[in-house]
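Peer 1: Here is my input; please provide its structure:
(one chain, ligands or ions: 1)
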Amino acid sequence: MNHFHYHQGRLLAEEVAVEDIAASVGTPFYCYSTATLKRHFTVFQDALAGLDATICFAVKANSNLAVIRTLAECGAGADVVSEGELRRALAAGVPPSRIVFSGVGKSRRELELALTTGILQINVESEAELAELNDVALALGRTAAIGIRVNPDVDAQTHAKITTGRKENKFGIEWIHAPRVLRAAAALPGIALTAVAVHIGSQLTELSPFREAFLRVRDLVLMLRADGIALSRLDLGGGLGIPYDPRTDLPPDPAAYGAIVRETLGDLGCAFLFEPGRLLVGNAGLLVSRVLYVKEGATRTFVICDAAMNDLVRPAMYDAHHEIIAVRQPAPGTEERDFDVVGPVCETGDTFARGRRLPPPAAGDLIAFASAGAYGAAMASSYNSRPLVPEVLVQGRSFATVRRRPTYDEMLALESFPEWLS
Ligand code: LLP
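Peer 2: Numbers count the residues shown, from 1 in each chain. Alright, predicted model coming up:
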């Protein structure tokens, strides 16, 4: 469910015409809906009713300050993976007591910042990191509340580049070593072992991998209890998929996911932490672009638009599907044809869709790539020296630019010539 729909032939974001935003900020731009963000948060929260749950939004999915603040106002915390994301979460107003720091390679400086900020939990992913964190904590005279991320060796049945819970992946402590490492962590003076954490991948469209992973976590918790080590919190990560292609994607209902959590882990008396990213923001965002040219190639017809792979890399990187919506509603009965929708970047990978059946777009038309709120702007680059595109947040009848387009002078200002070239 989202709040992008046609009204009198025009695509609206809540109550604002997308073409009015385009006229104001220029194209391409990202457009987010506050009502959709809030709705997704509420749906997830309701799915976890009855559990003592902290929902930490995975900031990597959309790191815009206004988006983080919108979710924080709903009660979300933040799951961060870098100093930059930690600073963003704090700047957006997320209390440190609702921040978890994840990631396989945190630097000493990042560990120090996390400790001095007094965040809820640091998730440790290796024995070497555990030793480093213990050292940092003792040097600062603090105790680090940690989760140990375990790798349950479960196949998430998702794209290979975003599966994280197989033993060949770089993430977490290998399953067979987990009991030993958890026991060692419990004995370290700078460490307060609080949680076990698991995250098996992203865009999961089946529930069975979650069940399998959660049952493994259950075994681990019970095994440690028998040893006198009590874990007070279970961090179950993120990963719930969303329907990118409404014809083929049938992601699980968050309520069914909540039921699995209750069924597998609900009786352990632990608090829970969740790290959803895509589920909260994915369908709350569009990337809006203008068609520059329509070109008849030898065998295909290309729609060349002003957005490119540097603005939304998911199709090039993961062969991801994003629905393409005409911002002006096509007249009923408009005959659809097959198009390749591409951007201006100089490589063939800069293709948003191949052979996509669409009402014929014309030069000057606005189109929108749907479900672009997660891993869209957050993964954008300025490849081909294209400026990062603005981000606009809509609420009801209002919209605001929450990240402006940099000027070319600003883009060039970070660079300088070495003295031998001056
Ligand atoms: N927690 C951890 C430790 C993670 O690594 C991730 C995502 C999440 C939570 C949030 O997962 P989500 O709920 O969003 O599935 N760029 C890729 C997705 C990468 C996901 C990385 N980790 C894409 O565009 O599909």
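Peer 1: where do the helices sit along the stretch 1-150 of the chain?
Peer 2: 18-25, 34-47, 65-74, 83-91, 108-117, 127-140 (DSSP state H, counting those that start in this stretch).
Peer 1: name the helices or strands packed onto the fifth one?
Peer 2: Contacts of helix 108-117 with other secondary structure elements, assessed using 3 or more Cβ pairs under 8 Å, 6 or more residues apart in numbering; DSSP states H and E, are made with helix 83-91, strand 99-101, strand 121-124, helix 127-140, strand 144-151. Using the backbone N, CA and C atoms, a C-beta is placed for each residue, glycine as well.
Peer 1: Dump those into a markdown table; add mean pLDDT and mean neighbour count as well.
Peer 2: Conversion of these to a markdown table gives the following (pLDDT from 0 to 100; neighbours: other Cβ atoms under 10 Å):
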| stretch | mean pLDDT | mean neighbour count |
| --- | --- | --- |
| helix 83-91 | 98 | 18 |
| strand 99-101 | 98 | 27 |
| strand 121-124 | 98 | 28 |
| helix 127-140 | 98 | 17 |
| strand 144-151 | 96 | 25 |
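Peer 1: what would those look like in JSON lines with distance to residue 54?
Peer 2: Shown next, in JSON lines, are the helices and strands packed on helix 108-117 (distance: least, Cβ to Cβ, whole Å):
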{"stretch": "helix 83-91", "distance to residue 54": "13"}
{"stretch": "strand 99-101", "distance to residue 54": "8"}
{"stretch": "strand 121-124", "distance to residue 54": "9"}
{"stretch": "helix 127-140", "distance to residue 54": "21"}
{"stretch": "strand 144-151", "distance to residue 54": "12"}
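Peer 1: Ok, which of the helices of the stretch 1-150 of the chain comes nearest the ligand?
Peer 2: helix 34-47 (10.0 Å; Cβ to the nearest ligand atom).
Peer 1: can you tell me how far the residue nearest to residue 343 when sequence neighbours are not counted sits from the ligand?
Peer 2: Closest residue to residue 343 apart from its sequence neighbours, by Cβ to Cβ, 6 or more residues apart in numbering: residue 308 at 2.8 Å. Counting by Cβ to the nearest ligand atom, to the nearest Å, the separation of residue 308 from the ligand is 16 Å.
Peer 1: which bits of the stretch 101-250 of the chain sit near the ligand?
Peer 2: The stretch 101-250 of the chain has residues 102, 162, 199, 202-203, 237-239 near the ligand, with proximity defined as Cβ under 6 Å from any ligand atom.
Peer 1: Out of the residues you listed, which end up buried?
Peer 2: By neighbour count, with 16 or more other Cβ atoms under 10 Å, those hold 102, 162, 199, 202-203, 237-239 as buried.
Peer 1: would you list every one of the strands in the stretch 251-400 of the chain?
Peer 2: Along the stretch 251-400 of the chain, counting by DSSP state E, counting those that start in this stretch, strands occupy 271-274, 285-296, 301-305, 324-326, 337-342, 351-358, 366-369, 391-395, 398-403.
Peer 1: now these as CSV including mean neighbour count?
Peer 2: Shown next, in CSV, are those (neighbours: other Cβ atoms under 10 Å):
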stretch, mean neighbour count
strand 271-274, 23
strand 285-296, 21
strand 301-305, 21
strand 324-326, 19
strand 337-342, 18
strand 351-358, 17
strand 366-369, 24
strand 391-395, 24
strand 398-403, 16
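Peer 1: tally of neighbours for whichever residue of the stretch 301-422 of the chain sits closest to the ligand?
Peer 2: When scored by Cβ to the nearest ligand atom, the stretch 301-422 of the chain has residue 375 as its residue closest to the ligand, at 3.1 Å. When counting by other Cβ atoms under 10 Å, one arrives at 27 neighbours for residue 375.
Peer 1: can you check the one 3 residues further on too?
Peer 2: Residues contacting residue 378 under the criterion other Cβ under 10 Å number 19.
Peer 1: hang on, isn't it packed against residue 63?
Peer 2: Yes. If you go by Cβ atoms under 8 Å, residue 378 and residue 63 touch, sitting 5.1 Å apart.
Peer 1: Export the buried ones among the residues of the stretch 101-250 of the chain next to the ligand as a markdown table, with columns for secondary structure and pLDDT.
Peer 2: Formatted as a markdown table, those follow (DSSP: H, G, I helix; E, B strand; the rest coil; pLDDT from 0 to 100):
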| residue | secondary structure | pLDDT |
| --- | --- | --- |
| 102 | coil | 97 |
| 162 | helix | 75 |
| 199 | coil | 95 |
| 202 | coil | 95 |
| 203 | coil | 96 |
| 237 | coil | 98 |
| 238 | coil | 98 |
| 239 | coil | 97 |
